[in-house]
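S.K.: coords below, sequence missing:
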């Protein structure tokens, strides 16, 4: 079945792509089989991460970016990372729904990935979905995250090009988040650039970038700041041009090799963790684990000693 | 040295507390030793997680909550989870600085934890710091997160009581985040309740809560919605009263046992992962790993097959 799906995917069948992504998302064993089989077809897509604080209009921006990118004849993949909840069941949000209209275009594939399950699970599923889209023939893959936490950063920072969006006039919390994301950004976007305070935000960003002047000079790339109004397409072409310039820079400077080395390293780590979690689940009976937990709750055992027991029992590892 | 620090901490020495937290944060081996030794003194603190989207005024709210809590004679610990960056070096933000004024009070201990290092690293360090504060004698420990990503949720959801803050009139992204956090909240706070749209936000939250009516009835606790204006202390006492009522509910319903079981389980998992990561680092030479990564980059090997090699070489585990 998997071989059949793969050969259909390689012929451009979008439904086969959807099925393969569902499989890598839900079944670890199948994910392993699929990635092993498609890996040789990957490595061509330009992966672009788009992140930034909530309310910075990422989905609207992406909607417009897809249009510009498609206009140049690229096959486009989109992975939108969604927080999930039993309340919404991962239902699509307004902005995301607008983006979905591109789905009828045979050259655009859009997929939402939910943060259900474990931390590592989402990162692994995203990695594997990128590979499916890459093998499918996507020239460009956008990975968009709604959140701004560590996991989103971890996912986005493995992209070739990271676009960080912000909006004018946000408070302290946003500053903190911006700071946390600052060092991973290749391009800054100030969206909603018709709002008050846009010049102050540009100034502030330039100031932060100036602190690292030597780094940029040495590297040959200083992150540009692009002002956009995504609702009116203003600045979208400039943004796309900046993304392409960054891609050229990566190729010329050979930085793309380092980036991909880093991505592969992170990927292997993620797979290792998920394999170990699975092994522990197989080897430790639920009641054995519960016994340990009861001991911890009654303070007869501490969590570290319990972890030592788990490692020895499930993996035969002594620490 | 550790024994000395622990005995000083047990006598109420805040500097010893600070030293111990630094040790659990930076040194896995010492963390293990410290937690093993202090674990018997823990289990008394009420752990309260405070989370919510950026800009919802969590730090200001917490600043006021500390005052009210202290006013009732409680020893208070605060762990503020910070995104870190080489730019800011984890420097304190405006709101956080205001909160720091409580640090001169011998009954208040405030600590920022940075998201440097790995995902699991922060969760583990936070767990261990909570234990130090608990053993120190804190009656109440607040854990505040700035971000709204999966890692922050994972940290906060192990608290006894989870307070979710929001503000009136936020967009789609915020809706998504609220949805993702919805099911972990024990108390909702609508801060900045003097802003336009507060009643609409209350209505919307009540509507979402109504969807789960049966769950609340069965459980015996429906999350209350508290309106606050943290800058003017309005609603703070009500919030603190709601937190205390939730604590009573946890004790009476025996739900506290389940909550703590869950927390301990998550904790053991976190420790296991970190021990395994360490073991792999010890057993695999850097050049062995680089060799595998080069093979992956040249498409001679895929990431799953590389992960299998890593597991077998470092842990002797065949998958």
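M.R.: Perfect, thanks for sending it. Predicted, not measured: the structure shown is a model, and the values here were computed from it.
S.K.: what residues does the stretch 201-319 of chain A have near chain B?
M.R.: When proximity is defined as Cβ under 8 Å from any Cβ of the partner chain, the stretch 201-319 of chain A approaches chain B at A:208, A:211-212, A:257, A:260-261, A:264-265, A:267-269, A:271-273, A:275-280, A:289, A:292-293, A:296-297, A:299, A:302-308, A:310-311, A:315-317, A:319. C-betas here are computed from N, CA, C, even on glycine.
S.K.: go again using 6 Å as the cut-off
M.R.: Within the stretch 201-319 of chain A, the positions adjacent to chain B are A:208, A:261, A:264-265, A:267-268, A:271-272, A:275-276, A:293, A:296, A:299, A:302-304, A:306-307, A:310, A:315, A:317, A:319 by Cβ under 6 Å from any Cβ of the partner chain.
S.K.: now, of these, which are buried?
M.R.: Buried subset of those (neighbour count, 16 or more other Cβ atoms under 10 Å in any protein chain shown): A:208, A:264-265, A:267-268, A:271-272, A:275-276, A:293, A:296, A:302-304, A:306-307, A:310, A:315, A:317, A:319.
S.K.: so which of the residues you listed belong to strands?
M.R.: Counting by DSSP state E, no part of those is found in strands.
S.K.: so which of the residues of the stretch 201-319 of chain A next to chain B belong to helices?
M.R.: Assigned to helices by DSSP state H, the following of these qualify: A:208, A:261, A:264-265, A:267-268, A:271-272, A:275-276, A:293, A:296, A:303-304, A:306-307, A:310, A:315.
S.K.: next SSE after the lowest-mean-pLDDT helix or strand in chain A?
M.R.: Sorting the helices and strands of chain A by mean pLDDT, DSSP states H and E puts helix A:172-182 at the bottom, at a mean of 57. Next helix or strand after helix A:172-182 toward the C-terminus (DSSP states H and E): strand A:187-190.
S.K.: check what pLDDT residue A:304 gets.
M.R.: Residue A:304 carries a pLDDT value of 94.
S.K.: gap between it and residue B:29?
M.R.: As judged by Cβ to Cβ, to the nearest Å, residue A:304 and residue B:29 stand 10 Å apart.
S.K.: same check, this time on residue A:230
M.R.: 50 Å.
S.K.: which of those two has more residues huddled nearby?
M.R.: residue A:230 (25 against 9; other Cβ atoms under 10 Å in any protein chain shown).
S.K.: residues contacting that one?
M.R.: Residues counted as contacts of residue A:230 (Cβ atoms under 6 Å, 6 or more residues apart in numbering or on different chains) are A:57, A:60-61, A:64, A:191.
S.K.: narrow those residues to those in helices?
M.R.: A:60-61, A:64.
S.K.: which residues touch the spatially most distant residue from the centre of chain A?
M.R.: Distance from the centre of chain A peaks at residue A:300, with 42.1 Å (Cα atoms, centre = their mean). Shown in contact with residue A:300 (Cβ under 6 Å, 6+ apart): no residues.
S.K.: same deal with residue A:46?
M.R.: Here residue A:46 is in contact with A:140, A:160, A:247 (criterion: Cβ under 6 Å, 6+ apart).
S.K.: quick one: which of those residues is nearest residue B:216?
M.R.: residue A:140 (46.0 Å; Cβ to Cβ).
S.K.: where does the prediction get shaky in the stretch 51-200 of chain A?
M.R.: A:54, A:82-98, A:115-120, A:146-152, A:169-181 (pLDDT under 70).
S.K.: all helices of it, in order?
M.R.: Secondary structure of the stretch 51-200 of chain A by DSSP state H, counting those that start in this stretch: the helices cover A:58-71, A:94-100, A:119-136, A:150-156, A:172-182, A:198-210.
S.K.: which helices and strands does the longest one pack with?
M.R.: In terms of contacts (3 or more Cβ pairs under 6 Å, 6 or more residues apart in numbering or on different chains; DSSP states H and E), helix A:119-136 is packed against helix A:14-26, helix A:28-38, helix A:150-156, helix A:255-283.
S.K.: any idea which of the ones you listed scores lowest on pLDDT?
M.R.: Among the helices and strands packed on helix A:119-136, helix A:150-156 scores lowest, with a mean of 70.
S.K.: one step back: and which of the contacts of residue A:46 is nearest to residue A:202?
M.R.: residue A:247 (24.0 Å).
S.K.: leaving aside the residues next to it on the chain, what's closest to that closest one?
M.R.: Leaving out its chain neighbours, the residue that sits closest to residue A:247 by Cβ to Cβ, 6 or more residues apart in numbering or on different chains is residue A:46, at 5.5 Å.
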